[in-house]
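K.L.:
I need the structure of the sequence given here:
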Amino acid sequence: MAMVRYVHDELRDVFSALAASAVNVAVMVSVRGFSPVRPSGLALLAGLALAFLAVYTLLRSSRLKWFSGVKQFEAAVPVEDTDAALPTGDSLRRHPIGLRLFAACVAMTLPLALLWDSWMAVFPLWPALAWLGRAVVCARWERRHGRLVWRGHLPEEPWELSVSRRPPTRTATDAPPA
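P.N.:
Numbers count the residues shown, from 1 in each chain. Here you go, the predicted model:
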(Lines give C-alpha, C1' and ligand atoms only; values in the text may rest on other atoms or scores of the structure.)
Protein backbone atom coordinates (compact mmCIF):
# COMPACT_ATOMS: atom_id res chain seq x y z
CA MET A 1 0.00 0.00 0.00
CA ALA A 2 1.38 3.37 -0.96
CA MET A 3 1.16 6.42 1.25
CA VAL A 4 -2.18 8.17 1.00
CA ARG A 5 -3.44 11.26 2.76
CA TYR A 6 -5.61 10.45 5.75
CA VAL A 7 -8.28 12.95 4.67
CA HIS A 8 -8.43 11.44 1.19
CA ASP A 9 -8.66 7.92 2.59
CA GLU A 10 -11.60 8.87 4.83
CA LEU A 11 -13.37 10.76 2.01
CA ARG A 12 -12.87 7.78 -0.32
CA ASP A 13 -14.69 5.65 2.25
CA VAL A 14 -17.52 8.21 2.42
CA PHE A 15 -17.86 8.24 -1.39
CA SER A 16 -17.84 4.42 -1.44
CA ALA A 17 -20.67 4.29 1.10
CA LEU A 18 -22.66 6.90 -0.84
CA ALA A 19 -22.23 4.96 -4.08
CA ALA A 20 -23.20 1.68 -2.37
CA SER A 21 -26.32 3.30 -0.93
CA ALA A 22 -27.24 4.70 -4.34
CA VAL A 23 -26.86 1.26 -5.95
CA ASN A 24 -28.87 -0.34 -3.15
CA VAL A 25 -31.70 2.18 -3.51
CA ALA A 26 -31.74 1.79 -7.30
CA VAL A 27 -32.00 -2.00 -6.99
CA MET A 28 -34.65 -1.68 -4.28
CA VAL A 29 -36.77 0.64 -6.42
CA SER A 30 -36.46 -1.62 -9.46
CA VAL A 31 -37.34 -4.78 -7.48
CA ARG A 32 -39.94 -3.53 -4.98
CA GLY A 33 -41.09 -0.34 -6.67
CA PHE A 34 -41.09 3.14 -5.21
CA SER A 35 -42.82 3.55 -1.88
CA PRO A 36 -43.23 7.10 -0.62
CA VAL A 37 -41.51 7.99 2.64
CA ARG A 38 -43.28 9.92 5.38
CA PRO A 39 -41.64 13.36 5.62
CA SER A 40 -41.79 13.31 9.43
CA GLY A 41 -39.82 10.03 9.58
CA LEU A 42 -37.25 11.30 7.10
CA ALA A 43 -36.83 14.57 9.02
CA LEU A 44 -36.35 12.67 12.27
CA LEU A 45 -33.77 10.37 10.70
CA ALA A 46 -31.87 13.31 9.17
CA GLY A 47 -31.93 15.18 12.48
CA LEU A 48 -30.61 12.18 14.38
CA ALA A 49 -27.88 11.64 11.79
CA LEU A 50 -26.76 15.29 11.98
CA ALA A 51 -26.79 15.19 15.79
CA PHE A 52 -24.65 12.03 15.73
CA LEU A 53 -22.23 13.65 13.27
CA ALA A 54 -21.91 16.78 15.41
CA VAL A 55 -21.34 14.89 18.68
CA TYR A 56 -18.93 12.41 17.09
CA THR A 57 -16.90 15.18 15.43
CA LEU A 58 -16.68 17.14 18.69
CA LEU A 59 -15.51 14.02 20.54
CA ARG A 60 -12.90 13.28 17.86
CA SER A 61 -11.57 16.83 18.02
CA SER A 62 -11.31 16.70 21.83
CA ARG A 63 -8.44 15.26 23.81
CA LEU A 64 -10.52 12.60 25.58
CA LYS A 65 -8.64 9.33 25.93
CA TRP A 66 -10.98 6.98 24.04
CA PHE A 67 -12.27 9.35 21.37
CA SER A 68 -9.48 11.77 20.46
CA GLY A 69 -8.25 11.84 16.89
CA VAL A 70 -6.07 14.84 17.66
CA LYS A 71 -3.78 12.79 19.92
CA GLN A 72 -3.24 10.31 17.08
CA PHE A 73 -2.18 13.10 14.73
CA GLU A 74 0.20 14.60 17.29
CA ALA A 75 1.75 11.18 17.98
CA ALA A 76 2.26 10.42 14.29
CA VAL A 77 5.76 9.69 13.05
CA PRO A 78 7.36 12.55 11.06
CA VAL A 79 8.52 11.58 7.58
CA GLU A 80 11.32 13.11 5.58
CA ASP A 81 10.10 15.95 3.45
CA THR A 82 11.88 14.86 0.31
CA ASP A 83 10.08 14.72 -3.00
CA ALA A 84 10.88 11.01 -3.29
CA ALA A 85 9.24 10.17 0.04
CA LEU A 86 5.92 11.90 -0.54
CA PRO A 87 3.56 10.85 -3.32
CA THR A 88 2.77 13.27 -6.10
CA GLY A 89 -0.66 13.78 -7.57
CA ASP A 90 -4.04 13.64 -5.94
CA SER A 91 -5.02 10.04 -5.25
CA LEU A 92 -8.62 11.02 -4.44
CA ARG A 93 -9.09 12.36 -7.96
CA ARG A 94 -7.67 9.20 -9.56
CA HIS A 95 -9.57 6.76 -7.32
CA PRO A 96 -12.61 8.45 -5.73
CA ILE A 97 -14.27 5.14 -4.73
CA GLY A 98 -12.70 2.21 -2.91
CA LEU A 99 -13.97 -0.78 -4.86
CA ARG A 100 -13.44 -3.26 -2.01
CA LEU A 101 -15.46 -1.20 0.45
CA PHE A 102 -18.11 -0.49 -2.18
CA ALA A 103 -18.47 -4.21 -2.95
CA ALA A 104 -18.54 -5.12 0.73
CA CYS A 105 -21.24 -2.54 1.50
CA VAL A 106 -23.41 -3.69 -1.39
CA ALA A 107 -22.86 -7.39 -0.63
CA MET A 108 -23.80 -6.99 3.04
CA THR A 109 -26.70 -4.55 2.86
CA LEU A 110 -28.49 -5.31 -0.42
CA PRO A 111 -29.59 -8.85 0.56
CA LEU A 112 -30.79 -7.53 3.92
CA ALA A 113 -32.68 -4.75 2.19
CA LEU A 114 -34.31 -7.17 -0.25
CA LEU A 115 -35.17 -9.86 2.29
CA TRP A 116 -35.77 -7.94 5.48
CA ASP A 117 -36.29 -4.15 5.54
CA SER A 118 -35.85 -1.61 2.77
CA TRP A 119 -34.14 0.85 5.17
CA MET A 120 -31.09 -1.42 5.14
CA ALA A 121 -30.38 -0.07 1.64
CA VAL A 122 -29.11 3.18 3.15
CA PHE A 123 -27.33 1.61 6.13
CA PRO A 124 -23.83 2.32 4.64
CA LEU A 125 -24.55 6.01 5.26
CA TRP A 126 -24.27 5.45 9.03
CA PRO A 127 -20.52 4.66 9.11
CA ALA A 128 -20.04 7.28 6.40
CA LEU A 129 -21.00 9.90 8.99
CA ALA A 130 -18.16 8.74 11.23
CA TRP A 131 -15.70 8.77 8.32
CA LEU A 132 -16.83 12.27 7.36
CA GLY A 133 -16.31 13.42 10.95
CA ARG A 134 -12.77 12.00 10.96
CA ALA A 135 -11.98 13.76 7.69
CA VAL A 136 -13.23 17.09 9.06
CA VAL A 137 -11.19 16.75 12.26
CA CYS A 138 -8.05 15.84 10.32
CA ALA A 139 -8.47 18.65 7.78
CA ARG A 140 -8.89 21.15 10.62
CA TRP A 141 -5.80 19.80 12.43
CA GLU A 142 -3.74 19.92 9.22
CA ARG A 143 -4.71 23.52 8.56
CA ARG A 144 -3.97 24.64 12.11
CA HIS A 145 -0.57 22.90 12.33
CA GLY A 146 0.69 23.33 8.76
CA ARG A 147 1.16 19.59 8.39
CA LEU A 148 -0.26 16.77 6.27
CA VAL A 149 -1.32 13.47 7.84
CA TRP A 150 -0.50 10.31 5.87
CA ARG A 151 -1.45 6.66 6.20
CA GLY A 152 0.65 3.78 4.89
CA HIS A 153 4.18 5.04 5.57
CA LEU A 154 5.21 1.61 6.83
CA PRO A 155 4.15 -1.18 4.44
CA GLU A 156 3.91 -3.74 7.25
CA GLU A 157 1.65 -1.41 9.33
CA PRO A 158 -0.55 0.51 6.83
CA TRP A 159 -2.82 1.90 9.56
CA GLU A 160 0.03 3.81 11.24
CA LEU A 161 -0.05 7.57 10.73
CA SER A 162 2.79 9.85 9.73
CA VAL A 163 3.02 13.60 9.21
CA SER A 164 4.93 15.87 6.87
CA ARG A 165 5.19 19.60 6.34
CA ARG A 166 2.56 21.16 4.13
CA PRO A 167 4.06 22.15 0.78
CA PRO A 168 4.06 25.88 0.04
CA THR A 169 0.98 27.23 -1.68
CA ARG A 170 1.24 27.56 -5.45
CA THR A 171 0.03 30.63 -7.27
CA ALA A 172 -1.27 30.87 -10.82
CA THR A 173 2.12 32.07 -12.07
CA ASP A 174 4.16 29.69 -9.86
CA ALA A 175 5.52 32.74 -8.05
CA PRO A 176 6.21 32.26 -4.33
CA PRO A 177 3.30 33.36 -2.14
CA ALA A 178 3.52 36.83 -0.66
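
K.L.:
in the strand or helix carrying residue 114, what's buried?
P.N.:
In this structure, residue 114 sits in helix 99-115 according to DSSP states H and E. The neighbour-count check on helix 99-115 (16 or more other C-beta atoms under 10 Å) flags 101, 102, 105, 106, 109, 110, 113, 114 as buried. C-betas here are computed from N, CA, C, even on glycine.

K.L.:
Let's have those residues in a markdown table, adding pLDDT.
P.N.:
Formatted as a markdown table, those follow (pLDDT from 0 to 100):
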| residue | pLDDT |
| --- | --- |
| 101 | 94 |
| 102 | 96 |
| 105 | 95 |
| 106 | 95 |
| 109 | 93 |
| 110 | 93 |
| 113 | 89 |
| 114 | 90 |
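
K.L.:
Look at the residue lying closest to residue 95 once chain neighbours are set aside and say how many residues are nearby.
P.N.:
Residue nearest to residue 95 in three dimensions, not counting chain neighbours: residue 12, with 6.8 Å by C-beta to C-beta, 6 or more residues apart in numbering. Residue 12: 22 surrounding residues under other C-beta atoms under 10 Å.

K.L.:
what does residue 123 give?
P.N.:
Around residue 123 there are 19 residues (other C-beta under 10 Å).

K.L.:
how close does it sit to residue 173?
P.N.:
49 Å (C-beta to C-beta, to the nearest Å).

K.L.:
Could you do residue 105 as well?
P.N.:
44 Å.

K.L.:
so where is this structure shaky, pLDDT-wise?
P.N.:
1, 36-37, 81-91, 168, 170, 174, 176-178 (pLDDT under 70).

K.L.:
Where is the longest helix in it?
P.N.:
helix 6-32 (DSSP state H).
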